[in-house]
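J.: Structure for this input, please:
(4 chains)
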Protein chains: 2
Amino acid sequence: MQDNLSQTFAALADPTRRAMLAQLSKGEANVSDLAKPFLKKMSLPAITRHVKVLERAGLITKTRDAQWRPCKLRGDGLRVAADWVDQYRVFWEESFDRLDAYLKKSLKDTKDGHKK
Amino acid sequence: MQDNLSQTFAALADPTRRAMLAQLSKGEANVSDLAKPFLKKMSLPAITRHVKVLERAGLITKTRDAQWRPCKLRGDGLRVAADWVDQYRVFWEESFDRLDAYLKKSLKDTKDGHKK
DNA sequence: CTTATACTTAACTAACGTGTTAATTAACAC
DNA sequence: GTGTTAATTAACACGTTAGTTAAGTATAAG
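T.: This is a model prediction of the structure:
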């Protein structure tokens, strides 16, 4: 089996599953609730599988209530992914840093210029 | 073909590819440089594929220099993933919020208690 | 006890991902 | 030209993923 991070990213690499997380971010939902937006596109067993992928990746928890299976977004599930990605934040903020550095430098140059 | 976000997450769902990004975060590298840590585990064509996955996901750029193919981490590539994940930040910071709320409440209760 | 609802499991298929080896292209060096 | 280095492409194998339909389980409701 794969490491947790790979499992998490793999679970996120599917629009259906991301939509399910989006729905769960608005509150608890049963499997059939999660299925509803997709039943024209795919069958219930397909939904069951998607839910299981999210569960195994630690992104949701599924409990029991009579014949229903209420699912909840798991707060810390996305954290490993977020933490990994955050390591690279500097690389997409780099251009701003450069702009920032440029602005500071040119401001300083201007001041120096005026001083002299 | 898949949407960009799915492609990005799928590209990240592999430890080899994540290691390549880690290496590229320390500076530009040719395909053979990227291959080096893995040549005991897999062949060069396998590396070529991984590099292509990263490229197609927009996570790196590959250029030409004679017979070498220098690769660079693409700053904004991870941004789509980071932005998506950040939507959910509140859910893993929730527990802190709750702690925060609890502390505020108990502080207030204590004060009220003393008042009465 | 029967039926309905909610969901899962089983069995199967098609597509995809990831690896292999062998052959190929491209640029350089002699 | 010949040979070497760097990387890719082709053809194939194999496991995994994602979907299907049909059957099964479990709880509730009449």
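J.: And the strands in chain A, which stretches?
T.: When assigned using DSSP state E, the strands of chain A occupy the ranges A:29-30, A:60-62, A:70-73.
J.: Correct me if wrong: A:Arg17 contacts A:His50.
T.: Yes. Using C-beta atoms under 8 Å, A:Arg17 is in contact with A:His50, at 5.3 Å. No exception for glycine: its C-beta is placed from N, CA and C like everyone else's.
J.: picking up where we left off before, including distance to A:Phe9, could the strands of chain A go into TSV?
T.: Below are the strands of chain A laid out as TSV (distance: least, C-beta to C-beta, whole Å):
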stretch	distance to A:Phe9
strand A:29-30	23
strand A:60-62	16
strand A:70-73	17
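J.: So which of these is nearest chain B?
T.: Taking C-beta to the nearest C-beta, strand A:70-73 is the member of those nearest to chain B, at 5.8 Å.
J.: For that closest one, which helices and strands make contact with it?
T.: In terms of contacts (3 or more C-beta pairs under 8 Å, 6 or more residues apart in numbering or on different chains; DSSP states H and E), strand A:70-73 is packed against helix A:15-24, strand A:29-30, helix A:44-56, strand A:60-62.
J.: I'd like to know the average pLDDT value across the first one.
T.: Mean pLDDT, helix A:15-24: 98.
J.: repeat for the third one
T.: Per-residue pLDDT values over helix A:44-56 give a mean of 98.
J.: now that helix against helix A:15-24, angle please.
T.: Per axes from the mean of the first three to the mean of the last three C-alpha atoms, to 10 degrees, the angle that helix A:44-56 makes with helix A:15-24 is 70 degrees.
J.: could you check the distance from A:Trp84 over to B:Ala10?
T.: 15 Å (C-beta to C-beta, to the nearest Å).
J.: Can I get stretch A:12-20 as CSV, trimmed to CA atoms?
T.: Taking Å, rounded to 0.1, in the frame of the first residue of the first chain, the C-alpha atoms of stretch A:12-20 are listed here in CSV:
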residue,chain,number,x,y,z
LEU,A,12,-8.0,14.5,-4.2
ALA,A,13,-7.2,13.8,-7.9
ASP,A,14,-10.8,13.2,-8.7
PRO,A,15,-13.5,15.9,-9.3
THR,A,16,-16.2,13.7,-7.9
ARG,A,17,-14.4,13.2,-4.6
ARG,A,18,-13.5,16.9,-4.4
ALA,A,19,-17.1,17.8,-4.9
MET,A,20,-18.0,15.4,-2.1
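J.: Alright, calling it a day.
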